[in-house]
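Student: missing the sequence, but the structure's below:
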């Protein structure tokens, strides 16, 4: 490996650091993986999305969600969609 220097905006560094924290890896590791994905023609969105989901676990421990009636979901699924009319 060779060392290199690059310049990033604060928002870019914050995003890289958040991804690294969520994955438990270094910022450099995230950057190397992104470069590898770009060179291979992959956009890497799945990794980003999964990291965001993992990072959100436990974010609202006191959140209370009111239960809905057992059949409310079925009624909505059975209702005809506007596009089907």
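Tutor: Cool, got the structure. No experiment lies behind these values; they were computed from the predicted model shown.

Student: For residue 31, see how far away residue 10 is.
Tutor: 16 Å (C-beta to C-beta, to the nearest Å). (C-beta placed from N, C-alpha, C; glycine too.)

Student: Quick check on the two: which one has the bigger neighbour count.
Tutor: residue 31 (16 against 7; other C-beta atoms under 10 Å).

Student: Over to the nearest residue to the more buried one once chain neighbours are set aside. Which of the three states is it?
Tutor: Nearest non-adjacent residue to residue 31, counting by C-beta to C-beta, 6 or more residues apart in numbering: residue 16, 6.7 Å away. Going by DSSP: H, G, I helix; E, B strand; the rest coil, the secondary structure assigned to residue 16 is helix.

Student: What helix or strand is residue 47 located in?
Tutor: If you go by DSSP states H and E, residue 47 is part of helix 45-56.

Student: ignore the last one, residue 19
Tutor: Element membership of residue 19, judged by DSSP H and E, is helix 10-23.

Student: so that helix versus helix 45-56, what angle?
Tutor: Orientation of helix 10-23 against helix 45-56 (axes from the mean of the first three to the mean of the last three C-alpha atoms, to 10 degrees) gives an angle of 70 degrees.

Student: buried sites along whatever helix or strand comes next after helix 10-23?
Tutor: Per DSSP H and E, the first helix or strand lying C-terminal to helix 10-23 is helix 27-40. For helix 27-40, a neighbour-count test (16 or more other C-beta atoms under 10 Å) marks 30-31, 34 as buried.

Student: Which one of these is nearest to residue 45?
Tutor: residue 34 (11.3 Å; C-beta to C-beta).

Student: how far away is that closest one from residue 8?
Tutor: As judged by C-beta to C-beta, residue 34 and residue 8 stand 12 Å apart.

Student: Mean confidence (pLDDT) on stretch 22-30, please.
Tutor: When pLDDT is averaged over stretch 22-30, the result is 94.

Student: Sounds good, over and out.
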